[in-house]
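Student: Structure for the following, please:
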Amino acid sequence: MNLRQLRYLQGIAESGYNISRAAERLHTAQPGISRQIQLLEQELGVSLLLRRGNRIVGVTEAGGEVLEVAQRMLRDADNLRHIGAEFTEQASGRLVIATTHIHARYVLQRVIKTFMVTHPRVQLVLRQGGPSQIAQLVAAGEADLGISSEPPEPVDELVMLPCSKLDRSVITRKRHPLLKEKRLTLKALAAYPLITLDQSYIGGSAVLRAFEKARITPNIVLSAIDADVIKTYVELGLGIAILPTVAYEPDRDRNLQVRDASGLFEPTIARIEIRRSSFLRDYMYDFIRLVAPSWNREMIDQIMRSGPR
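Tutor: Numbering: from 1, shown residues only. From the prediction side, this is the model:
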């Protein structure tokens, strides 16, 4: 038994039990994966994969148990490598951040600039996605840290550190009639075509929830996952947008205007997501502190040692 065999087993599971996709994901040949899994099954004396004809459709009961242990062993092996790197290559490394478009585009700019200046030998990688996808990337070890709103479904493998609050505003074209309203109301907003974040994002669902609670039906004509795309359609005159206030940039959005709507919609609480079993290198703690200065190393270690929420 070796780590390569365990990594192949994990790769098959993560690829939907498709050997071809697993081979592509693992940068190896399909026959090599099949052979290593056969050797692992022979050594353990049990079948690990559930097969129907020439297709793999899942794992056997024994395979599920082995897969769970294999994933723990692979995480521990990665942590051992990180520990070694911490003492031999203290100033260099690779940091993968999974985050949403809103955070990558508007929230993290200064953080990333500062981090790159203070850690010039650390390669920084940004991977964008929705909250569920981000949580999955971090839980699977494909990203070191995640920054987004809380995923719709809790993930026990993750530690969540609250880091910021995103209030909402209404963004319109210049001289829009809404800008003259003395008091902004949901009823007033519902009189115009609305463009919002997709409902799979907390920001999109929070907007709908506010209208539902008030028993008002909004005229939503478009939803998207990209705030820049949304603002583009506002500029075209297709509607007004409800977005996190941070998405409005006066210098760039010269054809748009903004009005605070924090009293109408609940804010989004952003969180830093960390896999509970991860070994954090020094530069990872530094990045977390740049994002959320209220979290120090001792506090982070304490919450990571605690059990699942």
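Student: Relative to the whole chain's centre, how far out is stretch 207-214?
Tutor: The chain centroid and the centroid of stretch 207-214 are separated by 25 Å under Cα atoms, centre = their mean, to the nearest Å.
Student: Buried residues, it. List them.
Tutor: Val207, Leu208, Ala210, Phe211 (16 or more other Cβ atoms under 10 Å). Bear in mind the C-beta positions are built from the backbone N, C-alpha and C, glycine included.
Student: Nearest to Ser34 among those?
Tutor: Ser34 lies nearest to Leu208 out of the buried residues of stretch 207-214, by Cβ to Cβ, at 47.5 Å.
Student: Now the helix or strand containing that closest one: average pLDDT?
Tutor: Using DSSP states H and E, Leu208 sits within helix 202-213. Averaging the model's pLDDT scores along helix 202-213 yields 89.
Student: That one - contacts with which helices or strands?
Tutor: On a contact count with 3 or more Cβ pairs under 8 Å, 6 or more residues apart in numbering; DSSP states H and E, helix 202-213 meets strand 168-173, helix 186-190, strand 193-197, strand 240-244, strand 268-275.
Student: Among these, which comes closest to Asp260?
Tutor: Between Asp260 and those, the shortest gap by Cβ to Cβ is with strand 168-173, which sits at 5.4 Å.
Student: which non-adjacent residue is nearest Gly32?
Tutor: Using Cβ to Cβ, 6 or more residues apart in numbering and skipping residues adjacent in sequence, the residue nearest Gly32 is Ala23, 7.8 Å away.
Student: give the contact list for the one you found.
Tutor: Contact criterion Cβ atoms under 8 Å, 6 or more residues apart in numbering gives Ala29, Gln30, Gly32, Ile33 as the residues in contact with Ala23.
Student: let's see 10 Å
Tutor: Listed by Cβ atoms under 10 Å, 6 or more residues apart in numbering, the contact partners of Ala23 are Tyr8, Gly11, Ile12, Ser15, Ala29, Gln30, Pro31, Gly32, Ile33, Ser34.
Student: Mind giving me the ChimeraX select for the residues you listed, buried ones only?
Tutor: Of the contacts of Ala23, the buried ones go into a single ChimeraX selection, burial set by 16+ other Cβ under 10 Å:
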select :8,11,12,15,33,34
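Student: Is it possible to get TSV of the contacts of Ala23 that adds pLDDT?
Tutor: What follows is the contacts of Ala23, written out as TSV (pLDDT from 0 to 100):
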residue	pLDDT
Tyr8	82
Gly11	84
Ile12	86
Ser15	84
Ala29	85
Gln30	82
Pro31	85
Gly32	85
Ile33	85
Ser34	83
